[in-house]
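**Student:** Need coordinates for the following:
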Amino acid sequence: MKIIAAGLALALLWGCGSDGNPTPAPPSASSSSSPSPSASAPSSVKPATVRLALDWTPNTDHTGFYVARAKGWYKAAGIDLQILPYASNAPEILLAAHQAECGISFQDSMTFAVAKGADIVSVAAILQRTASAIGVLADGPIKRPRDLDGKTYAGFGYPNEVPTLKAVIKADGGTGDFVVATLDSAAYEALYNKKADFTIPFTAWEGVEADLRGIDLRYFRFADYGFPEFYQVVLACDRQWLEREPDAARRFVGVTVQGFQFGVENPDDAADILVAENPGVFDANPELPRASQRYLVDKGYLVDESRKFGTQTLERWQAYSKFLFDQGLLVDADEMQLTAPLDYGSLFTNDFLP
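**Tutor:** Sure, this is the predicted structure:
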C-alpha cells in the first residue's frame, strides 16, 4: 500500500514527477441508500465535475468515495465524481497543476508540497491519527525502541523516515544509530524473512495483511514515545478551485463525509461496496478489505472524539509540520531550505465540512 510509513510516503514525489486522519453529524449510515435532503442538490444547481486523484490503488482509505458514488449520493448532490487512478504523478502535483480538483494526500506530503509553492489545502482528515508504527517480529529479541540501535531498518527512501525513527529511539533512551536499507515495497518481506530487523508498516493494511498470513508483529507507535500525532491521510483540494466554486466544494465534501460515515457505521457493507466498485483489485486477498475497514473503525481512526468524520485542529497540524521544519526537511521550489516556518493554519480548513 503506497501510504506505507505513517504518511511518510510521497514526500519525494513533489517536483520530480516519479512514482514513488460544533458541526452536525452526517446522516446515519444505517439509513437507506438515498441521500439526505441536505445532500441533494436543488434543481437549479449546475452540476460540477470533481476529479479526485488517488494516491495508490483503491483501498480502505478510499472507501467513503466509492460508497457515496455507488449509492448515487454525488449525483444527487449535483457532483460528477471522476476518480483518477494513480499513475506516475503524485496527487499534490496534479492539484498544483489544476489537473484535479481534489486528491488523497498526507500531512507530511501536503506540508512538503506547500513549502514548494503548491496552492493546496486539506479540507478533511480521512484518518484522525497515525495508523503506521515501527514494526518488528513479535517473537524476536526487540522489545522496545532503544533495542533498535545497531539494527537494520528496511525503509522506503523518504526524507522524514530517519528523523522520525531517531526521535522515537532517542525518546526511549537509545542513540538512534541504525543501518538503513532502502527496499521500498520489499521492506515488509525483508522483515518477515528476517533479512531486516524493523520497518514501518501501515497497520491498517500491511499490519492486517500480516495478521491474515499468521505473521505476528510487535508495534512501537510514534505517539507513545512523545512524537507528535498527525493526520496520516487527508483530502486535499486545489485552493483556487475552492475559492472559485465554494458551493460545489461544500456539496462534494458533504457527500464524501456521508460516505465515510456510512463506512464507520457499516464497515462490512462499505468494504463490500469498495470491492464491488473495483472488480479484480482485491482478488489476491479477498478478506483484506473487510478486515482493514473493521480495523480502522474499531481502532477509532476515522472519526474524532465526537464521532465526527473529517475534523482537523491547528494543534495537530502545527505539531508535526513544525517537526518537519525543525528537522530542516522543508525546502522551496528551488530546493532551498526554508528559513521561516509555514503558516500552519493555512494548511487546512474545516469550512467545507457539513
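**Student:** Could you verify that T130 is part of a helix?
**Tutor:** No. Going by DSSP: H, G, I helix; E, B strand; the rest coil, the assignment for T130 is coil, not a helix.
**Student:** Now do it: how many residues are near it, please.
**Tutor:** Number of residues near T130 (other C-beta atoms under 10 Å) recorded here: 25. C-beta here means a position set from N, CA and C on the backbone, and glycine is covered the same way.
**Student:** For it, give me the pLDDT.
**Tutor:** T130 is assigned 96 on the pLDDT scale.
**Student:** Could you do A29 as well?
**Tutor:** 31.
**Student:** For stretch 225-238, list every residue counted as buried.
**Tutor:** 225, 227-238 (16 or more other C-beta atoms under 10 Å).
**Student:** start to end distance for that stretch?
**Tutor:** 35 Å (C-alpha to C-alpha, to the nearest Å).
**Student:** Find the pair from the buried residues of stretch 225-238 with maximum spatial separation.
**Tutor:** Farthest pair in these (C-beta to C-beta) is Y225 and D238. Separation: 36.1 Å.
**Student:** Distance-wise, check the closest residue to D55 other than its chain neighbours relative to M110.
**Tutor:** In this structure, D55 finds its nearest non-sequential neighbour in I104, 4.1 Å apart by C-beta to C-beta, 6 or more residues apart in numbering. Distance, I104 to M110, using C-beta to C-beta, to the nearest Å: 11 Å.
**Student:** Check the contact lists of the two and give me the overlap.
**Tutor:** Counting by C-beta atoms under 8 Å, 6 or more residues apart in numbering, the residues touching both I104 and M110 are 234, 236.
**Student:** Provide a list of residues in contact with the nearest residue to G300 once chain neighbours are set aside.
**Tutor:** Excluding the flanking residues, the one nearest G300 by C-beta to C-beta, 6+ apart is Q128, at 7.3 Å. By C-beta under 8 Å, 6+ apart, Q128 lies in contact with 21, 231, 300-304, 311.
**Student:** What values do phi and psi take at Q128?
**Tutor:** Phi and psi for Q128, reported as degrees, to the nearest 10, are phi -70, psi -20.
**Student:** which residues in the stretch 151-300 of the chain form strands?
**Tutor:** Applying DSSP state E, counting those that start in this stretch to the stretch 151-300 of the chain gives strands spanning 152-155, 179-182, 217-220, 234-238.
**Student:** err, the stretch 1-150 of the chain, not the other one
**Tutor:** 48-53, 79-84, 102-105, 120-125, 134-137.
**Student:** okay, those in CSV with mean pLDDT, distance to D283 and mean neighbour count next?
**Tutor:** As requested, these are exported to CSV (pLDDT from 0 to 100; distance: least, C-beta to C-beta, whole Å; neighbours: other C-beta atoms under 10 Å):
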stretch, mean pLDDT, distance to D283, mean neighbour count
strand 48-53, 98, 24, 20
strand 79-84, 98, 20, 17
strand 102-105, 98, 23, 28
strand 120-125, 98, 30, 25
strand 134-137, 98, 26, 23
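**Student:** For the ones you listed, could you give me TSV that also reports distance to A167?
**Tutor:** Supplementary listing: those in TSV, determined by distance: least, C-beta to C-beta, whole Å:
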stretch	distance to A167
strand 48-53	31
strand 79-84	35
strand 102-105	23
strand 120-125	22
strand 134-137	11
